[in-house]
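Asker: need coordinates for the below:
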Amino acid sequence: MSRKKAMPAICILMFIFLIILSGCGAAGGSENKAAGNTGESTGSTETAANETRVFETDKGPIEIPVKPQRIITDYYTGALLSVEAPVAGSGSDAFKNPFIKDKMKDIKDVGTPINAESVLELQPDLIVVMYDDQYEQLSKIAPTVHIPFDAERDIYKTVELFADLTGHPEKGEQFISKYEEKAAAGREKIKGIIDENATFGIYELTPKNELYAFGDNAGRGGQALYSALGLKAPAVIQKELLQGGEGTKLLSLEALPQYAADYMFLTNYDPDGTSESLEKLKKSGVWRNLAAVKNNRFFSNDFDTFYPYDPIAISEQIDLFADMLIQREEENKGRADK
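Answerer: Coordinates of the predicted model:
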């Protein structure tokens, strides 16, 4: 073959080879690009996990993870779980809370007070405390946010706070939406069964025979009863404990009739199971003369069930109150019909 005839043939072969090579390069580029995207995605996830922001606290600004992955708390377990936060360790008291029991199986008990060694083993990226006596020690382990006791006195503010703290405001909105639906359903359940002008009071006894009246922001079901179900407190409790902002008021036995209500709910704090306070109260003439007692509208509430006032507990207590009231009115009606 002459060189003149061979050159076009070679050019054609080279051209075909370049096309094939280009195609392979494009395919390889696509594969590399896909692999690159996967790598970038993983990198972004890692970056997001490591990303931090400044969170203002009563102890000053604290740098915390944008979306913490392992949280330890001494007290705020229920509040954190209400916004589906990843709680790795909790103070012991939360394990007594019946409303979050099913959510606690993978959470480690770090004690009360918190055991620093247990915290260290769990490698948290955020610690949230109500008690601040170990604040400095815990701060050396991970960013530690101190949230004072009063922060949990309103379900809306509580959910908003912890949703913000954990980087998931949408979880807070979802919880509040469900809570409001439950509250509306509870009000509908008791409508027409409970006199809209009836009054409701919450009280507690201690082993020392101390008697307290409770408002709407110190547990014992106050937020569920007054805020969610919209039931009325006696005028004096409304003025002193709801509008006045005080959570509780210590009463003398003689003053109880002034703070009494048409429906009265009493928790008996008896951690050792040895208190005789409730028996003493029931033997008193003051107790026997209460209208709520005479009308079978006095309720003895379980302490562990009505002590919690995290958002999950409040939401669940709505149905407990509504069902108790409905059952008691049906019982009273049955008696009247006989």
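
Asker: find the nearest non-adjacent residue to L126, please.
Answerer: Nearest residue to L126, sequence neighbours excluded (Cβ to Cβ, 6 or more residues apart in numbering): P68, at 3.9 Å. Quick note: C-beta positions are derived from backbone N, CA and C, even for glycine.

Asker: domain parsing for this protein?
Answerer: Per automatic domain parsing, the structural domains of the chain span 53-175, 185-337.

Asker: now these in a markdown table, with mean pLDDT?
Answerer: Output for these, formatted as a markdown table (pLDDT from 0 to 100):
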| stretch | mean pLDDT |
| --- | --- |
| domain 53-175 | 95 |
| domain 185-337 | 93 |
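
Asker: how far away is A163 from V54?
Answerer: Distance from A163 to V54, counting by Cβ to Cβ, to the nearest Å: 17 Å.

Asker: can you pull out the strands in the stretch 1-150 of the chain?
Answerer: Using DSSP state E, counting those that start in this stretch, the strands of the stretch 1-150 of the chain run over residues 52-57, 60-65, 71-73, 87-90, 108-109, 126-129, 144-146.

Asker: which residues are contacting the last one?
Answerer: With Cβ atoms under 8 Å, 6 or more residues apart in numbering as the test, strand 144-146 has contacts from 55, 57-59, 62, 64, 126-130, 132, 135, 138, 165.

Asker: likewise the fifth one?
Answerer: Residues lying outside strand 108-109 but in contact with it, judged by Cβ under 8 Å, 6+ apart, are 88-92, 95, 118, 122.

Asker: and these, which are buried?
Answerer: Among the contacts of strand 108-109, the ones that count as buried by 16 or more other Cβ atoms under 10 Å are 88-91, 122.

Asker: nearest to F200, of those?
Answerer: Distance to F200 across the buried ones among the contacts of strand 108-109 (Cβ to Cβ) is lowest for G91, with 31.2 Å.

Asker: isn't the closest one up against V110?
Answerer: Yes. Counting by Cβ atoms under 8 Å, V110 is a contact partner of G91 at 6.6 Å.

Asker: list the residues that contact both of these two?
Answerer: Among the neighbours of G91, those also in contact with V110 (Cβ under 8 Å, 6+ apart) are D74.

Asker: about what we covered before: give me the more crowded residue out of A163 and V54.
Answerer: Ranked by neighbour count (other Cβ atoms under 10 Å), A163 and V54 place A163 first, with 24 against 10.

Asker: any idea how far that one is from Y131?
Answerer: Applying Cβ to Cβ, the value for A163 to Y131 is 23 Å.
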